[in-house]
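Colleague: here is my input; please provide its structure:
(chains A and B)
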There are 2 protein chains.
Amino acid sequence: MLQGHQSWSFEQKPVIISTATVGGPFEANGAIADDFDILHSDLWLGQESYEKAQKVILEESIVRSLEKASLQKEDIQFMITGDLINQMTPSSFASRTLTIPYVGLFGACSTSMEGLALGALLVNSKSANRIVTAASSHNAATEKQFRYPTEYGGQKPPTAQWTVTASGAAVVANSGEGPVVTSATMGKVIDMGLSDPFNMGAAMAPAAADTIAAHFRDLNLPNDYYDLIVSGDLGEIGLPIAKELLSEKQLFIEDDTFQDCGLMIYREGQPILAGASGPGCSAAVVYGHLLKIMREGRLKRLLVVATGALLSPLSYQQNETIPCIAHAVSIEAGGEGE
Amino acid sequence: MLQGHQSWSFEQKPVIISTATVGGPFEANGAIADDFDILHSDLWLGQESYEKAQKVILEESIVRSLEKASLQKEDIQFMITGDLINQMTPSSFASRTLTIPYVGLFGACSTSMEGLALGALLVNSKSANRIVTAASSHNAATEKQFRYPTEYGGQKPPTAQWTVTASGAAVVANSGEGPVVTSATMGKVIDMGLSDPFNMGAAMAPAAADTIAAHFRDLNLPNDYYDLIVSGDLGEIGLPIAKELLSEKQLFIEDDTFQDCGLMIYREGQPILAGASGPGCSAAVVYGHLLKIMREGRLKRLLVVATGALLSPLSYQQNETIPCIAHAVSIEAGGEGE
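Modeller: Residues are numbered from 1 along each chain as shown, chains lettered A, B, ... in the order given. Alright, predicted model coming up:
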């Protein structure tokens, strides 16, 4: 049901009945390593290319999420995925393997919540009984795509973020036990004129603030409604900017209540510069780490604000600034069995 | 409402209240030139790059579709678009200009119907009052992306297709006059092992046949339900293959009833090899040409089957075959005022 200008409320309470996450070697040394279902020690995963490795982690996360719910792929009506690689190569090739009817998305790092929002909407409107949505990224595939092959050993400024090698998948169903998707807000593209692909946090912060403000306005929520708001991924540079922008909009969120997935996935001391990023980051942190905490009863109301920088290597070369977007999804602890 | 395995029926009858199409110089010499709202004589549209030119035709098609419905962009809840260019550069940058909450898609040439299906679903489920969906392509931008810059003058085999320079947009609303979106079928990825990017029609034909068969099965329709089925874009090579595959599935469609958008947009004698292609082709042919015929009362029931080849230059270089998909949308003449 449309709420306000750009939000949906899900009165049928679509349930996240299963999630699974897969990570790479860098993530295996991170802060939430224990929350991954599968961890790989080899960035290549035995594949011939990084893109094929990314396809494999995406497939593994989806297959494991189905296994954990004791479902076959035939039990799932639609697969809703996207990634950062040109023409969504990992997603398209994973959907070839899985042969589930496929809704391909593009939202850069906002894809995780774009997919969860649309998936919940399909279930809520009885357009699907069960869907699977996933988002993935691969550090070396992304660096090659957007900047330089990592083998070149290029230096980066401290404002740059480290792309996560991870995939997170979620099965959303019309019944079952688990966290409930209660509402979503789809973002507008915001571009404040920044053009530095090594400082995406600052570029994306205004989009995050705009979507969060729209969410509270459309759903008519009090400032303290959520126990936790997480962005994905603003990093050390972007998060304080987003907080400042929300204050300017008279939306005052407690400092501890607004955190960032890009600052949660790695340990202190890992050389990640301003924080983590990539579609797989928010997917892994939310589906692996935060929903585990929610299932344990230690988190009731969570708003995930996945932020995407919709630049391309081409638009950068053509001296364009960076259009940014953020999609927000509200996830709340389920009633039964939680 | 989910119907069968992978289809939706739209019982609230979402209406296509307005459409607009924009074409380039090659399209201005084509068979349906009179049906375009705007035609450009310059492939650059006065822009510095072909990608920016594509962004402009996309924006123009959306703005014109709103003008024709006497709507402001604030009257539209969501903009649902995608294209073939890396990281959806034209779509992302057009959504920056238009500032309508943005759902980014990737479906290659199937994007037109992926967007119309999701847009109709949003309106049908009361998740939006009005949406705009559009798909675009630009010949020179696509050639540069997938093959060689056209300035190189590379030769092509007769199985290759000509990417259309066009954009088509449709406004779907919960009330008003116009053709009605009655159902949709979302495709699975099918890959029969073909790997030649100069023969996409043959690669995509099995996906088209699979989705058409699923559509008739899920909706339980008689073989002669539609006055016209159009694929977009199988071309001269793919269309007979799709017909043959449907016969093998015991789904017999009258020969004249199954046509292809890629064989409708240009005149005989234009050097288009096996036919036209590109996300903008089916969007322009359906939104500009076929819905005009429907509004004139000369077409009642139309099934559009947009086919996408989900390859990337990268997957081709890595010796991968071409995963293909097709999404089908049923459009029927509206009750009142038609």
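Colleague: from here on, contacts and neighbour counts on C-alpha atoms
Modeller: Will do.
Colleague: how does chain A divide up, domain by domain?
Modeller: Structural domains annotated on chain A: A:2-173, A:180-332, as defined by automatic domain parsing.
Colleague: what about the closest residue to chain B within the stretch 201-338 of chain A, how many neighbours?
Modeller: Residue nearest to chain B within the stretch 201-338 of chain A: residue A:312 (5.5 Å; CA to the nearest CA). Applying other CA atoms under 10 Å in any protein chain shown, we find 23 residues neighbouring residue A:312.
Colleague: need the contact list for the residue lying closest to it once chain neighbours are set aside.
Modeller: Closest residue to residue A:312 apart from its sequence neighbours, by CA to CA, 6 or more residues apart in numbering or on different chains: residue B:87 at 5.5 Å. Going by CA atoms under 8 Å, 6 or more residues apart in numbering or on different chains, residue B:87 touches A:84-87, A:106, A:108, A:310-312.
Colleague: could you turn the buried ones of the residues you listed into a ChimeraX selection?
Modeller: Of these, the buried ones can be selected in ChimeraX as follows, counting by 16 or more other CA atoms under 10 Å in any protein chain shown:
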select /A:84,85,86,87,106,108,310,311,312
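Colleague: now do the residue of the stretch 201-338 of chain A closest to chain B against residue B:315, distance only.
Modeller: 18 Å (CA to CA, to the nearest Å).
Colleague: which element is residue A:330 on?
Modeller: strand A:324-332 (DSSP states H and E).
Colleague: before we move on, the earlier item: does the residue nearest to residue A:312 count as helix, strand or coil?
Modeller: Three-state call for residue B:87 (DSSP: H, G, I helix; E, B strand; the rest coil): helix.
Colleague: for the record, mean pLDDT for the strand holding residue A:330?
Modeller: Across strand A:324-332, the average pLDDT comes to 98.
Colleague: and what of stretch A:205-225?
Modeller: For stretch A:205-225, the mean pLDDT works out to 98.
Colleague: show me the contact partners of that stretch.
Modeller: A:3-7, A:9, A:184-192, A:231, A:234, A:238-239, A:241-243, A:245-246, A:249, A:251-254, A:301, A:305-307, A:324-328.
Colleague: narrow the residues you listed to just the buried residues.
Modeller: For these, buried by 16+ other CA under 10 Å: A:3-7, A:9, A:184-191, A:231, A:234, A:238-239, A:241-243, A:245-246, A:251, A:253, A:301, A:305-307, A:324-328.
Colleague: near chain B too, which of those residues?
Modeller: A:3, A:5-6, A:186-191 (CA under 8 Å from any CA of the partner chain).
Colleague: who's the closest spatial neighbour of residue A:19, skipping the chain neighbours?
Modeller: Per CA to CA, 6+ apart, closest to residue A:19 is residue A:170, 4.3 Å.
Colleague: list the contacts of the one you found.
Modeller: Here residue A:170 is in contact with A:16-20, A:62, A:65, A:116, A:132-134, A:287 (CA under 8 Å, 6+ apart).
Colleague: what residues are up against the residue of the stretch 151-300 of chain A found nearest chain B?
Modeller: Distance from chain B to each residue of the stretch 151-300 of chain A (CA to the nearest CA) is smallest for residue A:188, at 4.0 Å. Counting by CA under 8 Å, 6+ apart, residue A:188 touches A:207, A:211, A:325-326, B:95-96, B:99-102.
Colleague: 7 Å - rerun?
Modeller: For residue A:188, the contact set (CA atoms under 7 Å, 6 or more residues apart in numbering or on different chains) comprises A:325, B:99-102.
Colleague: hang on, it in a strand?
Modeller: No: counting by three-state DSSP, residue A:188 is not part of a strand but coil.
Colleague: list the contacts of the residue nearest to it when sequence neighbours are not counted.
Modeller: In space, and not counting its chain neighbours, residue A:188 is closest to residue B:101: 4.0 Å by CA to CA, 6+ apart. Neighbouring residues of residue B:101 by CA under 7 Å, 6+ apart: A:6, A:186-188, B:77-79.
Colleague: give me the pLDDT for the nearest residue to residue A:96 once chain neighbours are set aside.
Modeller: Leaving out its chain neighbours, the residue that sits closest to residue A:96 by CA to CA, 6+ apart is residue B:189, at 5.0 Å. Note on residue B:189: pLDDT of 96.
Colleague: wait, residue B:189 touches residue B:323, no?
Modeller: Yes: under the criterion of CA atoms under 7 Å, residue B:189 makes contact with residue B:323 at 6.0 Å.
Colleague: overlap of the contact sets of the two?
Modeller: residue A:96.
Colleague: which intervals of the stretch 201-338 of chain A have sub-threshold pLDDT?
Modeller: Flagging of the stretch 201-338 of chain A using pLDDT under 70 yields the residue ranges A:335-338.
Colleague: since that was my last question, I'll sign off now.
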